[in-house]
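Visitor: could you work out the structure for the sequence below:
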Amino acid sequence: MIETHANAYTEPLSFRIIIRVLGSMRLAVHLLLFVAIASIIGTVLPQQEVYTDYLHQFGPFWFTVFGQLDLYDVYRCGWYMGIVAFLIVSTTVCVLRNAPRMLREMRHVQTSPSDRFLQNRPEHFTSRSAKAHTEIIQSSVAALRDFGYRARLIKAPSGNIQLFAQKGRFYRVGYLLTHVGIILFCVGAIDNANLPLKWAEWTGSVHPEKNFDLPLSRIPPSSWLSSSSSAFRGIITIPVGQTVNAMFELVGDGFLVQRLPFILRLDAFKVTHYSNGLAKDFVSTVSLYHPDGKWFKTGIVRVNHPMSVAGVQIYQSSYSDSASKLQLHNYLLSDPGLSPATITAGVGEHLKTFASQYAISITDFKTQNVIPRKAVGLSPAPHHGMINMGPTVSYQVDNARDHSRVIIKSYMKPFPRHGEAYRLIGFRVLGSTTYHYLTIPQGPEHGIRLFMTYLGDLEQAARNGDNASKAVFLRNLDKAQAQTQVFLPPHDRDAFLQASLKAMQELRIYPLPFLTVFHHYDLHWSAGLEITRYPGMKIIYIACFALVLGIFILFYVPRRRIWIRIEEDKGKSRITLFADSSRNEEDFHRDMEQLNERLQEKF
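Guide: Below you'll find the predicted structure:
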C-alpha cells in the first residue's frame, strides 16, 4: 500500500514542483538581474573590437580574464543566450499558469461574493437609515455616479439587496502585457544573436581568419559568410569613389568576411568642425546597387542618422585619411640657403635620403590637431583652453648608420605667439616621451625661406671670420631679404631677428642634418561605416511597446471594487459599504471616506 501510493504521486508532484519553480517570480527576478548586469557590461565595455585594443587597454591579466568570460562579445556568447533562453521559459510558464485565471476574472466578474470575502475587504463602513429601500438604492447609485462609478443592482446569496460597482476591470492586462513584452524582448535578442552563425562556429564549418594583413582575395572560403545571413554587424573603411560588396565582422581574435546584399559606393564625404577644431559632424553620401550593378538608392549617412534599406542599417562610425598626397619641403642644414627639395608622399610610404643613410616613413596625417594652449606656451582663452594647430604630419626617421630613430611632427598652419607667426616642428628621439620644439619665424609670404637663407648667410659669415654682432646680424638679414625678395616691414625687423636667433639656438639640439617642413596636402577621405542587420529589432520594438503599455496600466489603471449591501435591521435599513483597490490604498481610503460621508448625507 505504501509503495503503491509513492508510485502514484511522486512523478506528478515533482512535475508540479518544477513548473512552480520555473514560473516563480523569484526565479524571474534573478534571471532579469543577471540579464541586466550582462547588458550593463555590454554597454560599458566596447563590443567586437580588435583584441589587441583590449590588450593595450586592460593589460595581460584582465585581458585574459575578460576573454575567458566572453565579455568582448556579451550579447552573442553562450552563457548570455542561455540565461535569456531560460528567462523565456520561466516567463512563458508564469504566463501560461496565470493567464487563464486572470482572463476568467476579467470576463466573469464576481459581483456577489461570500460574506466572508466581503468582511475581509480593507474598506468597511456601516450606516443606518429609515428610508425605503428604493430611495436608498437611488441615492447610492447617484453617489457612486458622482464618484465616476456605474452601479449594478444584484441579489446577494442571502437574499439581501446589493449594489456593485468597479473601475479597472481589465487591469490584469497590464500584467500580461509586461510579461509578454519580456518574452518578446528576449526572443528578439536571441534572433539578433545569429544562432546559425554560432552553430557554424561550434561545428567548425566556419573558421574566423586571424591574419589581418591577408588580402581579401586570399581569405579562404571558410571565412566568408553569405549575404543571406540572418543577422550581422560589421565595419568597413571605404575611400571616396570606391565600391565594396563585403565587410569585416570581428569574431573573437579574428574576423569573418560578410558579403553584403548590395554593392555600396561612397560618392562623397564631408566633415565640419567647431571653431576650436573639434569635429562637429561628418557626412557620407552613398549609392547602393543591386548585385547585377543596377542602381537603386542614394542617401546620406551621418552620425546618429543611419541609412536604412531592406532591414540593413548603415551607420557613420568614423573617418580617416585615405592616401592623401602630402607635400614636404626638405632643407639641408649644411647649406640652408639652397632651394628645398620637394617630397610628395602619402601615409605609410617610405623614402630614402642622404645616400640611403636615412629612411623617412610617413606614419600619420591629421587635418585638425587640437591641443591645450598651455602646451605651446599660450595662456587659456576666456571660453576654452584648447587651440587648433591645423594640419599635422608625423613621420619617423631611421638612421641606418647608428640605428637611431627620431619621431617628427610638422605643423602646416602658422603658430601665433606674441604677435609673431612661427612654424612649429616637434621632435623626440625614440625612447624619450618628451618632445622638443623648433619655433621657426615666418616671413611675410608665410614660409621659412627667408629664415633658411638668413641661416645660410650667417653660417657663411662665420666661416669668413665675422664675429657675432648686431651689425653682422642686420647686414646678413638685409642680404637674405635681397636674395629671396621677401622684405620685412621696418617694425618687424627686430622681432624677426630675435626669433631667428632663438630658433638657431634650438637647432643646436636638433639631431638630423636636414629639416623637413609640411608645406601642402591634397586631401582624400575614407569613411568608416558600420553595417548591421538585426531582424529581431521589429520584435524588440513590439516588446518595448507592450512593456511600456503594460507598466502604464499597472501603475495608472488600478482595479477598484465597491459593494453596498442593504439589509433589514430592527425596522431600519442597515447599509454596509465594502471596497478594495489593487493599488494606491491610501488615496482609495480617502475616496471611500468621502463616498461614505456623501451616503450619510443622502440617508
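
Visitor: when you work out contacts or count neighbours from here on, use the C-alpha atoms and nothing else.
Guide: Fine.

Visitor: strands of the stretch 451-600 of the chain, start to end?
Guide: 514-522, 525-533, 560-569, 572-581 (DSSP state E, counting those that start in this stretch).

Visitor: next, format these as a markdown table and append mean pLDDT, mean neighbour count and distance to Glu597.
Guide: A markdown table is the format used below for the strands of the stretch 451-600 of the chain (pLDDT from 0 to 100; neighbours: other CA atoms under 10 Å; distance: least, CA to CA, whole Å):
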| stretch | mean pLDDT | mean neighbour count | distance to Glu597 |
| --- | --- | --- | --- |
| strand 514-522 | 89 | 19 | 86 |
| strand 525-533 | 91 | 21 | 63 |
| strand 560-569 | 86 | 19 | 14 |
| strand 572-581 | 88 | 20 | 11 |
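
Visitor: and these: which comes nearest Tyr331?
Guide: Nearest to Tyr331 among the strands of the stretch 451-600 of the chain is strand 514-522 (5.1 Å), distances taken as CA to CA.

Visitor: tell me which strands and helices that closest one is in contact with?
Guide: Applying 3 or more CA pairs under 8 Å, 6 or more residues apart in numbering; DSSP states H and E, one finds that strand 514-522 contacts strand 325-332, strand 405-411.

Visitor: at 6 Å instead, please
Guide: Here strand 514-522 touches strand 325-332, going by 3 or more CA pairs under 6 Å, 6 or more residues apart in numbering; DSSP states H and E.

Visitor: tell me what the strand it packs on is packed against?
Guide: So strand 325-332, by 3+ CA pairs under 6 Å, 6+ apart, packs with strand 341-345, strand 514-522.

Visitor: now for the nearest residue to Ala132 once chain neighbours are set aside: which residues touch it?
Guide: With sequence-adjacent residues excluded and distances taken as CA to CA, 6 or more residues apart in numbering, Ala132 is closest to Ser573, at 7.8 Å. Residues near Ser573 by CA atoms under 6 Å, 6 or more residues apart in numbering: Arg128, Ser129, Glu567.

Visitor: measure Ser573 to Arg565 for me?
Guide: Ser573 sits 10 Å away from Arg565, going by CA to CA, to the nearest Å.

Visitor: what do you get for Ala28?
Guide: With CA to CA as the criterion, Ala28 and Arg565 are 41 Å apart.

Visitor: how about Gly385?
Guide: Taking CA to CA, one finds Gly385 at 77 Å from Arg565.

Visitor: so which residues of the chain form helices?
Guide: Using DSSP state H, the helices of the chain run over 2-22, 25-44, 51-68, 78-107, 115-119, 133-146, 172-192, 195-203, 449-463, 470-484, 490-507, 537-556, 585-602.

Visitor: can I get those in a markdown table with mean neighbour count?
Guide: Compiled in a markdown table, these are given as follows (neighbours: other CA atoms under 10 Å):
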| stretch | mean neighbour count |
| --- | --- |
| helix 2-22 | 11 |
| helix 25-44 | 14 |
| helix 51-68 | 13 |
| helix 78-107 | 17 |
| helix 115-119 | 12 |
| helix 133-146 | 17 |
| helix 172-192 | 22 |
| helix 195-203 | 13 |
| helix 449-463 | 20 |
| helix 470-484 | 16 |
| helix 490-507 | 15 |
| helix 537-556 | 18 |
| helix 585-602 | 15 |
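
Visitor: where does the chain have low pLDDT?
Guide: 1-13, 15, 156-159, 275-278, 375-377, 380-384, 446 (pLDDT under 70).

Visitor: report the distance from stretch 401-411 to the chain centre.
Guide: 38 Å (CA atoms, centre = their mean, to the nearest Å).

Visitor: show residues contacting it.
Guide: 392-398, 424-430, 518.

Visitor: please pick the buried ones from the residues you listed.
Guide: 392-398, 424-429, 518 (16 or more other CA atoms under 10 Å).
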